[in-house]
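Asks: Build me a structure from this.
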Amino acid sequence: MDASEARTATAASLPSITAPSVRWNRPEQSSDLLTVLGTTITDDADLIIALRTLVSLAADAIDGAASCGVTVAVADRTFTAVHSDVRTLIVDSDQYRAGDGPCLHAARTGEVVRVDAIASDLRWPDFAASARRENIYSFLAAPLYSSSTRFGSLNLYGERPSAFDDRDVATATALTGALARALGDYERFDLIRTENAGLRTAMVHRAPIEQAKGMLMAIHRIDADAAFETLIELSQSRNIKIRDLAVDLVTEYSTPHDSTPVTERGRVAKAAVFNHPVNPPDAVSFARPTPKSRR
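Replies: Predicted structure coming up:
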C-alpha cells in the first residue's frame, strides 16, 4: 500500500471495550471465553462486538501487550478492525505501507508469529524501524479463522525486546480458538470474499460515532454514555443525522488548530460541542501521543 491507502486502512477502526471477566487458567476458561465472545455469531454487529471484546481480553490477560489490535484481511482488502490505542493504528499503518510484517504474515499463512527486536530487524527491517519509533520492539500475532477460511490476525505489540513467552502464545491461541468456535460457519466471510462488503461497511458507518464519542469524553471529561447523549442532543438541535454530525466533528478535530475549518458545517458543529452545557472543557490536544506503557 502507499501511505494514503495505509491511512485509509486504519480510518474505520473501532476502539476495544472493557474486558469482561474470564477465569483464566482454570477449567472454566474455555466456556468463559465462548460466553464473552458470543456463543454464536450471526451478523456483522455480533462480529464487531466479538472482535472488540477479543482485543480487550488480550490486552488484559497478556502482560507484555502494550498495544493490541485486529487486522482483517479478506480477498484484496486489509484493514484494522479494532485497536486498543492510537499507537496500534500508527504501527498497523506502517506495516500496511511496508507490505509485510508479523501481523500480515500471520493473516496470510495461518501461522502464529512471535518475534523479538533482533528477529524483526532481520525479517522486516523497514517495518521494525518504524515500530521502534513508537517504542515497540516485539510482536505476537495469532491468525483469526472460521471453519471455512482465515480472515486476519490478533496483533500484540510489546515495548520490551522479548515481551512475549510461550504462555502468552497459549493465551492468544486460546482467544482466537474461542472466536473460531463462536464464528462456526458464519456465512458472511464468503460474501466478503466475493463482494468486498459486510464488516468494513458496518464499521465505516459506526466508526465516526465511536471516534466522536471519544473526543467528547476527552473534551468534557464525561463517560461514554454521556458522550453519546450529547451527540444525540446536538443531532436533534441541529437537525442533522448523528453519523453526519460525528463525521463533521472527527474531520474538524483532525484539522490543525490554526487551519481554516474544513467545512462551515464542521465549524458550527465544533462550536456547538464547546458551547454544549456539560462540563467546562479544558484545552485538549489531539496530537500524536508519546508512546507509553498501558501499565
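Asks: switch to C-alpha atoms for all contacts and neighbour counts from now on
Replies: OK.
Asks: got the residue ranges for the strands in the stretch 101-250 of the chain?
Replies: Counting by DSSP state E, counting those that start in this stretch, the stretch 101-250 of the chain has strands at residues 113-115, 138-145, 150-158.
Asks: possible to save these as JSON lines with mean pLDDT?
Replies: Shown next, in JSON lines, are these (pLDDT from 0 to 100):
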{"stretch": "strand 113-115", "mean pLDDT": "96"}
{"stretch": "strand 138-145", "mean pLDDT": "96"}
{"stretch": "strand 150-158", "mean pLDDT": "94"}
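Asks: can I get those strands in TSV with mean neighbour count?
Replies: Formatted as TSV, the strands of the stretch 101-250 of the chain follow (neighbours: other CA atoms under 10 Å):
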stretch	mean neighbour count
strand 113-115	21
strand 138-145	27
strand 150-158	26
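Asks: wait, which of these is closest to Ser84?
Replies: Closest approach to Ser84 among the strands of the stretch 101-250 of the chain (CA to CA): strand 150-158, 9.9 Å.
Asks: Quick check: which helices or strands does that closest one pack against?
Replies: Counting contacts by 3 or more CA pairs under 8 Å, 6 or more residues apart in numbering; DSSP states H and E, strand 150-158 is packed against strand 67-74, helix 102-109, strand 138-145.
Asks: what's the closest of the ones you listed to Gly214?
Replies: Going by CA to CA, the one of the helices and strands packed on strand 150-158 nearest Gly214 is strand 67-74, 17.4 Å.
Asks: Can you name the element that comes right after that closest one?
Replies: Later in the chain than strand 67-74, the nearest helix or strand by DSSP states H and E is strand 77-83.
Asks: How about the following helix or strand past that next one, which residues are buried there?
Replies: Downstream of strand 77-83, the next assigned helix or strand under DSSP H and E is helix 86-98. Buried residues in helix 86-98, counted by 16 or more other CA atoms under 10 Å: Arg87, Thr88, Leu89, Ile90, Val91, Asp92, Ser93, Asp94, Gln95, Tyr96, Arg97, Ala98.
Asks: pretty sure Phe151 contacts Val72?
Replies: Yes. Counting by CA atoms under 8 Å, Phe151 touches Val72, with 5.7 Å between them.
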